[in-house]
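# model this:
(one chain, ligands or ions: 1)
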Amino acid sequence: MAKKAKVLKKGKPKTSASFQEKTKVEKVLEEVWPLERDFFERPDRYRYVRKLARPKTCVFCSAEKKRLSFDSLVLAKTQHAMVILNKYPYNSGHLLVLPRKHIGEIWELGEEELMEITKWTQSSMRILHEVYQCKGLNMGMNHGAVAGAGIPDHIHWHIVPRWLGDTNFFPLIAQTRALPETLKQTYERLRPAFKEELKKWESK
Ligand SMILES: [Zn+2]
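Below is the predicted model of the structure:
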């Protein structure tokens, strides 16, 4: 009798545990997957970012006037371009590369500005790869408010590090592991590499 009871006890929780596990996974997927659709098809979901970032003056222009520091979130600044930490990151290490000039359309950028932005995009991607050991990166721009730009009047390119195991633009891994890093920690982690890069830039 005792033996029989043990077998039943052993078998029962196993089935219910695997059932519970599946439900948990499904729950997480439900919470995470809609984010991709929201990003591409429902940029209005990010209205709160625009709301917060809609003071009288442009936040990027205000940062542009400040020195490189955690307060300004600016990591690098050269004649025409700058690199800044995204205040509302999708993922730790989420950077923005942008012109120093307040420009809302990509076709308004001059050749020199474009070249500097491209160079900083390349350097930023390499630095994120080295510092964060990410296996890939997403880089792109939301051009105009209707396309989801939080600050449409001052164009900016997003760079987001990615890790293995991601199957989505908003990785599960980032939600559970990378995002708990504070902005301050991210800034301090990236600052030395950008300092080095600026030295190279100045010696050219
Ligand atoms: Zn601006």
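# Now do the helices in this structure.
Remark: helices assigned in the chain by DSSP state H are 2-32, 34-41, 47-52, 59-65, 111-132, 172-173, 183-203.
# got the residues of the protein near the ion?
58, 60-61, 102, 154 (C-beta under 5 Å from the ion). (C-beta placed from N, C-alpha, C; glycine too.)
# hmm, 8 Å instead?
57-61, 64, 101-103, 151, 153-154 (C-beta under 8 Å from the ion).
# would you list these in CSV and tack on distance to residue 196?
Formatted as CSV, the residues of the chain next to the ion follow (distance: C-beta to C-beta, whole Å):
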residue, distance to residue 196
57, 31
58, 29
59, 27
60, 24
61, 27
64, 22
101, 26
102, 29
103, 28
151, 28
153, 32
154, 27
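# Looking at these, spot the one nearest residue 84.
Closest approach to residue 84 among the residues of the chain next to the ion (C-beta to C-beta): residue 60, at 7.0 Å.
# With adjacent residues omitted, what lies nearest to the closest one?
Of all residues beyond its chain neighbours, the one nearest residue 60 is residue 154 (4.4 Å), with distances taken as C-beta to C-beta, 6 or more residues apart in numbering.
# Same question for residue 112.
Here the residue nearest residue 112, using C-beta to C-beta, 6+ apart, is residue 80, at 5.7 Å.
# For that neighbour, grab the count of nearby residues.
Residue 80 is flanked by 17 other residues according to other C-beta atoms under 10 Å.
# Please list all residues in contact with it.
By C-beta atoms under 8 Å, 6 or more residues apart in numbering, the contact set of residue 80 is 99-101, 110, 112-113, 116-117.
# same thing but at 6 Å, please
Residue 80 makes contact with 100, 112-113, 116, according to C-beta atoms under 6 Å, 6 or more residues apart in numbering.
# give me every residue that touches residue 136.
Neighbour list for residue 136: residue 162 [criterion: C-beta under 6 Å, 6+ apart].
# ditto for residue 190
75, 131.
# quick revisit: most neighbours, which of the residues of the chain next to the ion?
Highest neighbour count within those, by other C-beta under 10 Å: residue 60, with 23 neighbours.
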